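Peer 1: build me a model:
(one chain, ligands or ions: 2)
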Amino acid sequence: MKVVIFDLDGTLIDSAPDLHRAANLVLQSEGLPAISFEQARSFIGHGAADLMRKVMRASGLGDDAGEHARLLAKFMGHYEGEPGLTTLYPGVVDALARLEAMGCTMGLCTNKPEQPTRIALRHFGLDRYMQAVASGDTLPQRKPDPAPLHHVARALADGTALYVGDSEVDAETAERAGIPFAIYTEGYRKTPLEALPHAHAFDHWDRLPDIVAAHFADAVA
Ligand SMILES: O=C(O)COP(=O)(O)O
Ligand SMILES: [Mg+2]
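Peer 2: Ligands and ions are numbered 1, 2, ... in the order given. Predicted structure coming up:
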């Protein structure tokens, strides 16, 4: 059984422009200066609540829990609509179709909350490929805790799985889960590639089907 589990932001979709826009709409409504695109991008990885906490700190708003809840609700209001500025990375849909034709069973493990995860998967026609999904609020734990990745792997099969992601969080999650990791190098990673544990690396989605085929051929051998 070939099980491939994907991260979402920075891996399948480039969602940073919409996350940046939503963060700045919150700041604008509070009469505060905008944050840069690079700042917003660097805040992605641990989910929406964490991103909003980092936006608050960067804007000198501190850490107050009530303020955080209020601003996070505003942020989700701006973010949860159709993903207007978000794009699929080149070659994603072709790669998923090829993996499906190869007999792979596929799932998703993201820190993005459930509602926007569902909207994004449907918007980009990825929902039909994902047989099991764990979002940032599906379980009490989220990545880099290995629980959500184990949850998806168990829901799909007991066979060997491969996790495909873009970030430090994904590399740590896969390592703690004991699941081999393939890293997409064009996402939101901040650490040099060599410093992150990974079994495979790829810079274009065209390359993933061959990597997956070789990975599972070796796993069986
Ligand atoms: O929403 C985030 O911060 C990260 O989402 P991801 O786990 O899909 O990369
Ligand atoms: Mg990611």
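Peer 1: show the backbone phi and psi for residue 100.
Peer 2: When read as degrees, to the nearest 10, the backbone of residue 100 gives phi -60, psi -40.
Peer 1: leaving out chain neighbours, which residue sits closest to it?
Peer 2: residue 129 (6.3 Å; Cβ to Cβ, 6 or more residues apart in numbering). Placement of C-beta: from N, CA and C, glycine included.
Peer 1: and the gap between the one you found and residue 208?
Peer 2: Relative to residue 208, residue 129 is positioned 13 Å away (Cβ to Cβ, to the nearest Å).
Peer 1: quick one, phi psi at residue 109?
Peer 2: In terms of degrees, to the nearest 10, the main-chain angles of residue 109 are phi -140, psi 100.
Peer 1: surely it meets residue 152?
Peer 2: Yes. Applying Cβ atoms under 8 Å, one finds residue 109 in contact with residue 152, separated by 4.9 Å.
Peer 1: now the common contact residues for the two.
Peer 2: By the contact definition Cβ atoms under 8 Å, 6 or more residues apart in numbering, residue 109 and residue 152 are jointly contacted by 5, 133-134.
Peer 1: restricted to strands, list the residues you listed.
Peer 2: 5, 133-134 (DSSP state E).
Peer 1: same list (those residues) but as CSV, adding pLDDT, distance to ligand 2 and neighbour count.
Peer 2: Putting those into CSV (pLDDT from 0 to 100; distance: Cβ to the ion, whole Å; neighbours: other Cβ atoms under 10 Å) gives the following:
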residue, pLDDT, distance to ligand 2, neighbour count
5, 98, 12, 28
133, 98, 14, 22
134, 98, 13, 26
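Peer 1: any chance of those residues in CSV, plus distance to residue 26?
Peer 2: Listed next are those as CSV, based on distance: Cβ to Cβ, whole Å:
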residue, distance to residue 26
5, 31
133, 27
134, 26
